[in-house]
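Trainee: Fold the following, please.
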Amino acid sequence: MRDDDIQETMYPDDDDDDDPDQSETEDDCIWVNLAPEIANPIDTAIQSRIEQHRREAAQFNATSVIRALHPTYMALKNRTKNWTGPDADKSFVNCRCLPSDLTHRMVDLIDIMSQ
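Mentor: I've put the predicted structure just below:
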């Protein structure tokens, strides 16, 4: 095989490429307007059931997490002297506690709704 064979086209020339009226022909083409697809009632029912199942699964997951965490929450609430009391949102920056009475602890936060 020779090198100059590679540069030659293997396809026949298209005589319509040089036609100046071709763009006019393309402009005259009529577009096909398709009617909007009518939804099948079964498709709507399937989508509705999928969404209902998703909501039920999220509710089931939240219920099972709360059921597992609630006893631990109550035990910690008792052990830490009700850290969810009415004064929990107050700032304790100006605490006048003795240095020996101060305690530091890590708090692990859990997002039970995963949002």
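
Trainee: From Leu76, how far off is Asn40?
Mentor: Taking Cβ to Cβ, to the nearest Å as the measure, Asn40 falls 53 Å from Leu76. C-beta coordinates here come from the backbone N, C-alpha and C atoms, glycine included.

Trainee: And for Ala39?
Mentor: Distance from Ala39 to Leu76, counting by Cβ to Cβ: 52 Å.

Trainee: Asp28 too?
Mentor: Distance from Asp28 to Leu76, counting by Cβ to Cβ: 79 Å.

Trainee: Looking at those two, which has the bigger crowd around it?
Mentor: It is Leu76, of Asp28 and Leu76, that has more neighbours when counted by other Cβ atoms under 10 Å, with 11 against 7.

Trainee: for the helix or strand containing the more buried one, packing partners?
Mentor: Using DSSP states H and E, the element containing Leu76 is helix 41-79. In terms of contacts (3 or more Cβ pairs under 8 Å, 6 or more residues apart in numbering; DSSP states H and E), helix 41-79 is packed against no helix or strand at all.
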